[in-house]
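> here is my input; please provide its structure:
(2 chains)
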Amino acid sequence: MRPIENEIKGVIIEALDLEDMSIDDIETEDPLFGEGLGLDSIDALELGLALKKKFDIKLDSDSEESKKHFFSVRTLADFIEAQKGVA
Amino acid sequence: MTNNSNLSFSILSSHCWVDPKLDGSTVFSPDFSQQVDFDPIELKQIPAIKRRRLNSLSKMALHSSLMCLQKAQVEPANVITVFASQHGELNRTVRIVSDMVTSQEISPKDFSLSVHNAALGLYSIFNKNKQPGTSIAANTNTFGYGLIESINFLKRFPEQKVLLTCFDLEVNQPFAQLQKVLNPSRSVSLLLSLPMQDKPSISFNFKKIEGIDDPKLPLDLAFFDFLAANNQQQQMYTEDTAWEFEKHAI
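Here you go, the predicted structure:
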């Protein structure tokens, strides 16, 4: 488990007001939307805003690539590390 | 102008939640505090994954609504709804404008739920309610006009019941300084029907007036205080209207 994955889970819980959940309740590789965590399109926008503020990254809100990045905590971590230039 | 055109109804159940920090000992009748819910709102009837959509305003409205319906054992899906709020999502809207002024990005959730009928919409979605619904604001007369709208529904659909919920958050700055009276956060719900023979009923009329001092209580809390008290008749005032209510026994 990379530290950034737990950081992302913390952002998800705080930004989306998942008051009854902890970091351990979010599976790193499970889908965030639809059948996984059950998030929806408003959550996607809210989460994108929170990740931009937390990690100072740039997001293209209307691309197929962004959908792939937002698939799971792991794909988000890969995307953020790539933007930050982490090897 | 006085309106006395048979505005009457029966109350099948009621629930009033008020911010626990309110000290109303000097303005309410002795029975009021015994009948008001001052407990923190949990709203366990709504799953957490949905509950997170609710801010404190919507939570208050849904809490008093569901508690009121639970007392009457009426399904939330089956009632016509009138949600009345003087300020609605004012605090959320101020936050959005403030973010815009300081060039911050706006929260999508705040934006999507900043409309006046957000609480009513969330009630209807969460409870799969497909009945007619109205969201209404009428300055300090909001509760009174909510009642009139409820009676309008009852006249059109006489077999139905109407859930009237009147709710408001304490107004934050910068608008708090513009309020003549800073009222507490509260939500009052009434389940209404046309007058029923086996239940007490209430009739009312109202007229425009001038020169009234600022009332100590908002109209919704003054009405709930009247419900809790023993008096049969009471006149209540807003800044421009006198509302007169009368109880009728079975």
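
> residue furthest from the geometric center of chain B?
B:Ser103 (34.9 Å; C-alpha atoms, centre = their mean).

> what lines up beside the helix or strand hosting B:Ile202 in the sheet?
If you go by DSSP states H and E, B:Ile202 is part of strand B:201-208. Sheet pairing here is set by DSSP bridges, and for strand B:201-208 it gives strand B:2-3 (antiparallel), strand B:8-18 (antiparallel), strand B:241-248 (antiparallel).

> distance from the chain centre to that strand, please.
Offset of strand B:201-208 from its chain centre (C-alpha atoms, centre = their mean, to the nearest Å): 17 Å.

> gap between the residue farthest from the centre of chain B and B:Lys50?
Distance, B:Ser103 to B:Lys50, using C-beta to C-beta, to the nearest Å: 33 Å. No exception for glycine: its C-beta is placed from N, CA and C like everyone else's.

> ok so, going back, how about the residue farthest from the centre of chain B, secondary structure?
Here B:Ser103 is recorded as coil under DSSP: H, G, I helix; E, B strand; the rest coil.

> give me the pLDDT value at it.
For B:Ser103, the pLDDT comes out at 86.

> so which residues of chain B form strands?
B:2-3, B:8-18, B:80-84, B:133-136, B:162-168, B:186-193, B:201-208, B:233-237, B:241-248 (DSSP state E).

> turn these into TSV, columns for distance to B:Tyr123 and mean pLDDT.
Formatted as TSV, the strands of chain B follow (distance: least, C-beta to C-beta, whole Å; pLDDT from 0 to 100):
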stretch	distance to B:Tyr123	mean pLDDT
strand B:2-3	29	52
strand B:8-18	14	96
strand B:80-84	6	98
strand B:133-136	8	97
strand B:162-168	8	97
strand B:186-193	11	97
strand B:201-208	24	95
strand B:233-237	27	94
strand B:241-248	26	95
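
> count the neighbours of B:Gln70 for me.
Look at B:Gln70: counted by other C-beta atoms under 10 Å in any protein chain shown, it has 13 neighbours.

> now do the contacts for it.
By C-beta atoms under 8 Å, 6 or more residues apart in numbering or on different chains, the contact set of B:Gln70 is empty.

> mind running it again at 10 Å?
By C-beta atoms under 10 Å, 6 or more residues apart in numbering or on different chains, B:Gln70 lies in contact with B:13, B:15, B:45, B:76.
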